[in-house]
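S.K.: based on what follows, work out the 3D shape:
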Amino acid sequence: MVRKKRTGGEGQSSGSQETGGGRGGGRGGGQPGQPVQQQQPQQQGGYQGGGRSWGPQRGGYGGHGGGAPRGGMVPQQYHGGPPEYQQGRGTQQYQRGGATGQRQRGGTAGRGIPSSGGPSTPPVPELHQATEAPYQPGVTTQPMPYGSPVESPGEASSSSTAPDPSPAPVARQFQNLSLQPEVSQAIQPASSKSMRFPLRPGKGSTGTKCIVKANHFFAELPDKDLHQYDVSIIPEVPSRGVNRAVMEQLVRLYKESHLGKRLPAYDGRKSLYTAGPLPFVSKEFRITLVDEEEGNQGNAGARREREFRVVIKLAARADLHHLDLFLQGRQADAPQEALQVLDIVLRELPTTRYCPVGRSFYSPHLGRRQPLGEGLESWRGFYQSIRPTQMGLSLNIDMSSTAFIEPLPVIEFVTQLLNRDISARPLSDADRVKIKKALRGVKVEVTHRGNMRRKYRISGLTSQATRELTFPVDEMGTMKSVVEYFQETYGFVIHHTQLPCLQVGSQQRPNYLPMEVCKIVEGQRYSKRLNERQITALLKVTCQRPQERERDILQTVRHNAYAEDPYAKEFGIKISEKLAQVEARILPAPLLKYHDSGREKDCLPQVGQWNMMNKKMVNGGTVSNWICVNFSSNVQDSVVRGFCQELAQMCLTSGMNFNPHSVLPPISARPDQVERALKFRFHDAVTQLQPQKKELDLLIVILPDNNGSLYGDLKRICETDLGIVSQCCLAKHVFKMSKQYLANVALKINVKVGGRNTVLVDALSRRIPLVSDRPTIIFGADVTHPHPGEDSSPSIAAVVASQDWPEVTKYAGLVSAQAHRQELIQDLFKTWQDPTRGTVTGGMIKELLISFRRATGQKPQRIIFYRDGVSEGQFYQVLLYELDAIRRACASLEPNYQPPVTFVVVQKRHHTRLFANNHHDRNAVDRSGNILPGTVVDSKICHPTEFDFYLCSHAGIQGTSRPAHYHVLWDENNFSADGLQSLTNNLCYTYARCTRSVSIVPPAYYAHLAAFRARFYMEPETSDSGSVTSSAAAGRGVGPAAGVRSSRAPGVNVNVRPLPALKENVKRVMFYC
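M.R.: Numbering: from 1, shown residues only. Model (predicted):
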């Protein structure tokens, strides 16, 4: 080990402690000090809209400033390590909807925390009181009608006042909600005392009743009082592992004496929980640990002792009576603190046995390791979480797998990473970047010092080869090479002198370690982005048939032996070992309408699927003028011509009006010339069509099987530059030319050129409750975030909306870039100042409402908003911000225009799985062994009081089906359970890209596709900090172009590079399909 610019021996590592993966820290050794004398407790002490007409606003919708709403961002959970914690006591947020504020050490924080303010001792607060009155800065509830005077481009100086609207009774608590721009950026969520999610409107009855099993295990509520204690460990360390080691040592030494024989549960940060009180209110301990990570180099391998001062102070208590009331439906607010305590108690033992990652636990001994390639391997594990449900508390257990770094010698890891012999030739710049990216933050141990395996965390690579590295060895500046130092000091001969050294420690005082003396420490989760091959390998490992998954879940529960868990016994928690049996219903599949000219005019899907044989699209689109470009060198021109003719014929057979002759013959081009080839061919075709006043309708593109960035580049050029929809086909499918493939491609082409593949018969006959009776627009919205490690990339928001009624089948889409990891959709509604027109309003909702009016001739009288990708902790915040944006967008179009809104969150990233009660009953399972499509559950495992349900709307293909979870956060349309469940299930049969029902409701699915597509539109950054400021874009006299937008997230001082604008003709169709 060599430290740069340091005389003498190796020097001590300044690398950071472990923050994830293994437990870290040391145990044992040294005699701790006696506990410090017990301490006595002391008391601690207008929105502005725009436009009154439904006509489009000039200048699109964009810009910044004006009355743009602001909202805080919920802290994200980092799944590669410990979750983010508040400072102070540091416990996780206690309320759905984000941060609820830190516990104040001075003043009155509403929690009764002791402090140094006065002589009297306040009563200890109960945990259930914590969420009663969270702070809500900037939420205005005075009467400010949405029809208040606004300035539009045509009437910048208007001052007329519109009459107050009369909102529906259910909306009164949300009336005139306005987030003022001058408010603090950290907007707090609405209090559960001021805003309630809708109660369950009864349980559904439609469908065939059946029994299914769920991976929920009944948990008996303990009858003991729970006490919470603040823990301060000084000096503070960032590693949970070290914190736990300190507390384990403290419990080992003082459980029988000073802790009153209590076995506490510790969250690894700032909070300790006990079943019953400790025999003190506040006490200080001194604990000594041997540091296993940082040995003393100069003392023959002796390890450094570290002393910690630990202060434990009573913070709060909770009798579980309030949790019991909540589970019985007699209390509206979930006592999140009590639930969190139970979760921490049940995590305590697995945390000591396995490697914790988020709410999951992994071990190489829980299943066979599987190599994923490039130095990674998969570890098997399980997910565990306590849930409040209608059956009481339940423990949700599911199987899980994730990627870990193989504990290899670094030389071998680099060899696998680069997939070549690294001694054969020098490393290229690209090789260095790849190695540095893969190894940064990874912990290694040295192997050249016998049993003294000190650990370090890698911070980078040296720019020079090992043989070129030197450092001063004395005050006179005498230099010695790293190679010589290791030979003379350790008798170790470095062979790979051409490789760079690993750099550990800080940039100011870096230490150098040759790669061949380092081995990767076991138990480090790989949190960066996996490549396609690794993803495929990991999916193969995680894919389990339902019977196998059910068996493994039951084995996990038995192996965990909760009845013998000392922490569960201490707190009186009892867990059943049987899967919950749940009443379910199988909703009938809807009748689908096809064109009357086909042999089959309608179709009843069987087990979630059907085909296009003997059917014609209900509204076939027209493709009169098209061209083809081939980028695959393996596909000959004759094959391309034959494929295009077959595809054109399939489109005709399926009901499209498709010209079998292309405008120009197909051409071949090189992938590295994609932009030049597309633009030349496009302009050649346009030039030929112009005299006839015709336009190009479609571009067919043939891609090589491994096309890298070619697909994304092509879509960006076509949709934001040329203004043409395209259909890409891989070479392997071109060669096979199967009828099924051609039929699926025809479905995609049809909706891209404005056609409809099928519609619900009930939609045409106006029989869909609360949709068919009046013009209804259905929105889907999603936000996709960058992969871990892509810290400079923005998040992408997408919103789609139905453009036909009563069919609700066509969806137009808009996309927008916003700040990194921002979940709230910033561009739903925007205002900005225009130099000549004054205050201008716009945003995704407004543009899509206008588009609906143009397409149907009617304004929506009902809004249904399906929102994907929101976690429970963000429910309140997302609803508060985004419902307000919907309200403002409507009011900006017309005074008093407030159509009733139903806001539904769609969740797929949960761990509830449903299994057939009898896997051998052919009437209860599909061909993959999964439950039948249409299976809906709204009892037992669902929320005790709120309106939610699980719906498995698709047939399984492989693995275990994951039902979608729908949670209604706002419902002014007063849906019945049957009404919303049937609507959602029926819509899942209208997905345009295949003849199968899909797993989530199509508008949410389309929003996800659109957001994913927009990531291709981003131009690569020149540096980590390089970006074009959105304020500069907004200052050009007009707002950002409609369709693709930029935004600044509330509370985040980051400018986001705007995406290039979608062309108008592309926005109108389902380009993302």
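
S.K.: only C-alpha atoms for contact and neighbour calcs from this point on.
M.R.: Noted.

S.K.: which SSE is immediately downstream of whichever strand or helix holds residue 242?
M.R.: Assigned by DSSP states H and E, residue 242 belongs to helix 240-254. Next in sequence after helix 240-254, counting helices and strands by DSSP H and E, comes strand 265-266.

S.K.: show me how far that following strand is from its chain's centre.
M.R.: Per C-alpha atoms, centre = their mean, to the nearest Å, the displacement of strand 265-266 from the mean C-alpha position of its chain is 28 Å.

S.K.: tell me which other helices or strands it touches.
M.R.: Other elements packing on strand 265-266 under the criterion 3 or more C-alpha pairs under 8 Å, 6 or more residues apart in numbering; DSSP states H and E are strand 271-275, helix 336-353.

S.K.: coming back round to it: if you average pLDDT over the helix holding residue 242, what comes out?
M.R.: For helix 240-254, the mean pLDDT works out to 94.

S.K.: list the buried residues for that helix?
M.R.: When burial is assessed from 16 or more other C-alpha atoms under 10 Å, helix 240-254 yields the following buried residues: 240-251, 254.

S.K.: ok so, going back, JSON lines for the helices and strands packed on strand 265-266, including mean pLDDT, distance to residue 635 and mean neighbour count?
M.R.: As requested, those are arranged in JSON lines below (pLDDT from 0 to 100; distance: least, C-alpha to C-alpha, whole Å; neighbours: other C-alpha atoms under 10 Å):
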{"stretch": "strand 271-275", "mean pLDDT": "95", "distance to residue 635": "64", "mean neighbour count": "23"}
{"stretch": "helix 336-353", "mean pLDDT": "93", "distance to residue 635": "55", "mean neighbour count": "20"}
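
S.K.: of these, which approaches residue 855 most closely?
M.R.: Residue 855 lies closest to helix 336-353 among those, at 46.3 Å (C-alpha to C-alpha).

S.K.: now do the closest one against strand 271-275, angle only.
M.R.: Computed with axes from the mean of the first three to the mean of the last three C-alpha atoms, to 10 degrees, the direction of helix 336-353 lies at 100 degrees from that of strand 271-275.

S.K.: which parts of the stretch 851-1000 of the chain are strands?
M.R.: Along the stretch 851-1000 of the chain, the stretches classed as strands by DSSP state E, counting those that start in this stretch are 862-868, 901-907, 914-916, 935-937, 948-952, 964-971.

S.K.: parallel or antiparallel, which strands does the fourth one pair with?
M.R.: This points to strand 935-937. Sheet pairing here is set by DSSP bridges, and for strand 935-937 it gives strand 580-586 (antiparallel), strand 948-952 (antiparallel).

S.K.: picking up where we left off before, any chance of the strands of the stretch 851-1000 of the chain in a markdown table with mean pLDDT, distance to residue 482 and mean neighbour count as columns?
M.R.: Compiled in a markdown table, the strands of the stretch 851-1000 of the chain are given as follows (pLDDT from 0 to 100; distance: least, C-alpha to C-alpha, whole Å; neighbours: other C-alpha under 10 Å):
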| stretch | mean pLDDT | distance to residue 482 | mean neighbour count |
| --- | --- | --- | --- |
| strand 862-868 | 98 | 54 | 24 |
| strand 901-907 | 98 | 54 | 22 |
| strand 914-916 | 97 | 60 | 26 |
| strand 935-937 | 98 | 66 | 26 |
| strand 948-952 | 99 | 62 | 26 |
| strand 964-971 | 98 | 58 | 23 |
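
S.K.: contacting residues around the nearest residue to residue 385 once chain neighbours are set aside?
M.R.: The shortest distance from residue 385 to any residue that is not its chain neighbour, by C-alpha to C-alpha, 6 or more residues apart in numbering, is 5.2 Å, and that residue is residue 396. Contacts of residue 396 were listed using C-alpha atoms under 8 Å, 6 or more residues apart in numbering, and they are 215, 216, 217, 383, 384, 385, 386, 387, 911, 912.

S.K.: follow-up on the earlier one: okay, the strands paired with strand 935-937 in JSON lines with distance to residue 695 next?
M.R.: Written out in JSON lines, the entries for the strands paired with strand 935-937 read as follows (distance: least, C-alpha to C-alpha, whole Å):
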{"stretch": "strand 580-586", "distance to residue 695": "48"}
{"stretch": "strand 948-952", "distance to residue 695": "43"}
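
S.K.: dump the helices and strands packed on strand 265-266 into a markdown table; add distance to residue 783 as well.
M.R.: Converted to a markdown table, these look like this (distance: least, C-alpha to C-alpha, whole Å):
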| stretch | distance to residue 783 |
| --- | --- |
| strand 271-275 | 33 |
| helix 336-353 | 26 |
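
S.K.: I'd like to know which of these lies nearest to residue 621.
M.R.: Evaluated with C-alpha to C-alpha, the helices and strands packed on strand 265-266 place helix 336-353 nearest to residue 621, the distance being 52.7 Å.
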